[in-house]
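>>> what follows is a predicted protein model with its sequence.
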Amino acid sequence: MLTLPLDHLAELEPTVARLLDRHLATAPEWFPHAYIPWSRASDFDGPLHGTPWQADQSDLPEVVADALTVNLLTEDNLPSYHFEIATQFGRDGAWGAWVHRWTAEEDRHAHALRGYLHARRAVDPVALERQRMRHLSTGYTSGHASLLHGLAYVTVQELATREAHRNTGLACDDPVARQLTARIAADENLHMIFYRDVYTAALELDPDGAVCALADVICAFEWPSTTIVGYRQRAMRIAAFGIYDLDIHRRRVLQPLLRALGVMTRSGLGPAGEQARDRIGRHLDELRTRAERSSRLFDRMRAAAPAPLLPRPAPSPSYDERGGP
C-alpha cells in the first residue's frame with residue numbers, strides 16, 4: 001500500500017473542498033434509463049425464451065461497437081479505480097467526499113452503455129458478460145509512486161476518456177448514441193476540470209515534484225483497459241477510424257492540458273523540474289512522429305476495408321473554457 005504524503009493531502013484539502021463545492025453546484029443530475037432506446041429492445045434467449053443474438057441484428061459499424069465495448073468494459077472496472085483513489089486520497093474529509101461522489105457519478109456510465117448495447121443488440125451479450133467477468137477479475141493496479149503521480153494520471157485519463165466517449169458518439173449515425181456519449185463525455189469533462197485544478201494547486205505547492213510526476217505519467221501513459229481481451233486489435237481499429245489515436249492524444253489531450261497547467265512556460269523550476277519538462281517536450285515530438293507513421297498505415301487500412309467497417313473519421317468538437325481545454 002502507498003504511503004500517503006500527509007503534508008500534501010492536508011495542504012491541498014482546502015482546495016479540494018472548494019472545488020468539490022463548485023463541482024456539486026455545476027454537475028447536472030441525469031438518469032441513465034432516459035438515454036436507452038427501450039422501444040428497440042427485445043428479449044434474449046434464456047429464461048425468457050427470447051430471440052438469440054445474431055451478428056446481423058445491429059446496424060452499428062463493427063469499429064463503433066468495438067469502441068463502445070472498450071469504453072463500457074473500462075467503466076466496468078470502477079471497483080478497482082475506487083480502491084486506487086481511496087487508497088491515494090483517503091476516505092475522510094473533502095478528499096473522501098470527492099472520492100465517493102466521483103465513484104457515484106462514474107457508476108452511471110457503465111449502466112447506460114450496457115443498456116444501450118443490449119437494447120440495440122449491438123454486441124453478443126454472452127461474450128460481453130464473459131469479458132466483463134474476466135476484466136474485473138483481473139482488476140487494475142496503477143503502481144503510482146506518489147499522490148502527485150496519482151493526481152497527474154487521473155487528470156490526463158479523464159481528459160482522454162472525454163475524448164474517447166465523445167468521438168465514439170460522433171462516429172455513430174445513431175442520434176441516441178450521440179446523446180448518450182455526449183452526456184458521459186460531459187461528466188468526464190467535469191471530472192477532468194476538478195483534477196486539473198487540484199493539480200494546478202499542487203504545482204504551486206511543489207513545482208518540481210508535480211512536473212516530475214506529470215512527466216512520468218505522460219511518458220508512460222497507458223489506458224486502464226489494456227487488460228481487456230483483444231484490446232490491442234480493437235485499439236488499432238479504433239485508432240484507424242479516428243476515434244482515438246496518437247494524434248488525438250497529443251493534440252486534444254496533452255497539449256491543451258499542458259497549456260492549461262502552464263507547465264511548458266512556467267518559470268522558477270529547479271534542475272529536476274527542468275529535466276522533467278524537457279522529457280515532456282521530447283515525448284510530444286516522439287508522439288508526432290509516431291502519429292504520422294501510424295496515419296500512413298491507417299490510410300492503407302481504410303482503403304482496404306469495406307466502407308461499413310471503416311467509414312471516414314469524424315472530427316472531434318472544440319470545447320470552450322467552461323468545457324475545459
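Alright, I've got the coordinates. Residues are numbered from 1 along each chain as shown.
>>> and residue 159, how far from residue 41?
As for residue 159, its distance to residue 41 is 33 Å (criterion: CB to CB, to the nearest Å). In this view, the C-beta of every residue, glycine as well, is placed from N, C-alpha and C.
>>> hey, where'd the helices end up in the stretch 1-150 of the chain?
Remark: helices of the stretch 1-150 of the chain, listed N- to C-terminal, are 6-26, 62-76, 78-89, 93-119, 125-138, 147-170; assignment by DSSP state H, counting those that start in this stretch.
>>> nope, the stretch 151-300 of the chain is what I was after
With DSSP H, counting those that start in this stretch as the definition, the stretch 151-300 of the chain shows helices at residue ranges 175-205, 207-219, 231-241, 246-248, 255-261, 271-304.
>>> can I get the ones you listed in CSV including mean pLDDT?
Conversion of these to CSV gives the following (pLDDT from 0 to 100):
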stretch, mean pLDDT
helix 175-205, 97
helix 207-219, 97
helix 231-241, 91
helix 246-248, 94
helix 255-261, 96
helix 271-304, 90
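>>> center of the protein - which residue?
Within the chain, the residue whose C-alpha comes closest to the C-alpha centroid is residue 161; the distance, by CA atoms, centre = their mean, is 2.0 Å.
>>> can you pull the contacts of the residue of the chain most remote from its centre?
Note on the chain: the largest C-alpha distance from the chain mean falls to residue 49, namely 36.9 Å (CA atoms, centre = their mean). Each residue near residue 49 by CB atoms under 8 Å, 6 or more residues apart in numbering is listed here: residue 43.
>>> quick one: closest of the helices of the stretch 151-300 of the chain to residue 113.
Among the helices of the stretch 151-300 of the chain, the nearest to residue 113 by CB to CB is helix 175-205 (7.3 Å).
>>> may I see the buried residues of the closest one?
By neighbour count on 16 or more other CB atoms under 10 Å, the buried set for helix 175-205 is 176-178, 180-181, 183-203.
>>> what would the helices of the stretch 151-300 of the chain look like in TSV with distance to residue 120?
Converted to TSV, these look like this (distance: least, CB to CB, whole Å):
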stretch	distance to residue 120
helix 175-205	8
helix 207-219	35
helix 231-241	18
helix 246-248	25
helix 255-261	32
helix 271-304	24
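>>> out of those, flag the one nearest residue 135.
Of all the helices of the stretch 151-300 of the chain, helix 231-241 sits nearest to residue 135, with 9.4 Å by CB to CB.
>>> tell me the angle of the closest one relative to helix 62-76?
Orientation check (axes from the mean of the first three to the mean of the last three CA atoms, to 10 degrees): helix 231-241 against helix 62-76 gives 130 degrees.
>>> what helices or strands is helix 231-241 leaning on?
When contacts are defined as 3 or more CB pairs under 8 Å, 6 or more residues apart in numbering; DSSP states H and E, helix 231-241 packs onto helix 62-76, helix 271-304.
>>> which outside residues touch the first one?
Right, helix 62-76. Counting contacts by CB under 8 Å, 6+ apart, the residues outside helix 62-76 that touch it are 58, 60, 106, 109-110, 113-114, 116-117, 122-123, 128, 131-132, 135-136, 161, 164-165, 167-168, 171-172, 177, 223-225, 228, 231, 234-235, 237-238, 240-241, 243-244, 308-310.
>>> from the residues you listed, which would you call buried?
Buried by 16+ other CB under 10 Å: 58, 60, 106, 109-110, 113-114, 116-117, 122-123, 128, 131-132, 135, 161, 164-165, 167-168, 171-172, 177, 223-225, 228, 231, 234-235, 237-238, 240-241, 243-244, 309-310, out of those.
>>> residues in contact with residue 55?
Residue 55 sits in contact with residue 124, where contact means CB under 8 Å, 6+ apart.
>>> out of residue 159 and residue 41, which sits in the busier spot?
residue 159 (27 against 15; other CB atoms under 10 Å).
>>> next, count neighbours for the nearest residue to residue 96 once chain neighbours are set aside.
Leaving out its chain neighbours, the residue that sits closest to residue 96 by CB to CB, 6 or more residues apart in numbering is residue 90, at 5.8 Å. A count of nearby residues for residue 90, using other CB under 10 Å, gives 17.
>>> how close does residue 90 sit to residue 208?
Separation of residue 90 from residue 208 (CB to CB) stands at 24 Å.
>>> please apply the same query to residue 200.
With the distance defined as CB to CB, residue 200 ends up 15 Å from residue 208.
>>> repeat that for residue 262.
Residue 262 sits 15 Å away from residue 208, taking CB to CB as the criterion.
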